[in-house]
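A.B. asks: the amino acid sequence is not available; the structure is as follows:
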């Protein structure tokens, strides 16, 4: 983008950087969970760049929620299949 307006990806990385102190305050096992959530946001940055949201954090967290929902639905499907096999 222009010199004064950062690209979405650059703005996203800046927003993630603002959460650094929060991340450092987490216990080590939770830091990995935090890192995964930020990874999810990066994975969906293409959708975020199309959004005209004022706050980058909105698309960051929505991207993470979408990815977590995908994982949750897969786990639910897997569990359902396992339960069906056990009933046979």
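C.D. replies: Arrived safely, thanks for sending. This structure is a prediction, so every number in the text was calculated from the model and none was measured. Numbering: from 1, shown residues only.

A.B. asks: how close does residue 35 get to residue 6?
C.D. replies: As judged by Cβ to Cβ, to the nearest Å, residue 35 and residue 6 stand 22 Å apart. Every C-beta, even on glycine, is put in place using the N, C-alpha and C of the backbone.

A.B. asks: residue 65 now?
C.D. replies: Taken as Cβ to Cβ, the span from residue 65 to residue 6 is 24 Å.

A.B. asks: show me what the helix ranked longest in the chain is packed up against.
C.D. replies: Of all segments of type helix in the chain, defined using DSSP state H, the longest is helix 56-87. Helix 56-87 sits against helix 8-18, helix 28-43, helix 45-50, with contacts defined as 3 or more Cβ pairs under 8 Å, 6 or more residues apart in numbering; DSSP states H and E.

A.B. asks: next, the angle helix 8-18 makes with that helix.
C.D. replies: If you take axes from the mean of the first three to the mean of the last three Cα atoms, to 10 degrees, helix 56-87 sits at 80 degrees to helix 8-18.

A.B. asks: quick check: pLDDT value at residue 78.
C.D. replies: pLDDT recorded at residue 78 is 98.

A.B. asks: hang on, I meant residue 49
C.D. replies: On the pLDDT scale, residue 49 gets 87.

A.B. asks: and it, how far from residue 65?
C.D. replies: 18 Å.

A.B. asks: again with residue 88
C.D. replies: Residue 88 is 35 Å from residue 65, by Cβ to Cβ.

A.B. asks: repeat that for residue 46.
C.D. replies: 16 Å.

A.B. asks: more neighbours: which of those two?
C.D. replies: Under the criterion of other Cβ atoms under 10 Å, the comparison of residue 46 against residue 65 puts residue 65 first, with 14 against 10.

A.B. asks: low pLDDT regions in the chain?
C.D. replies: 1-2, 53 (pLDDT under 70).
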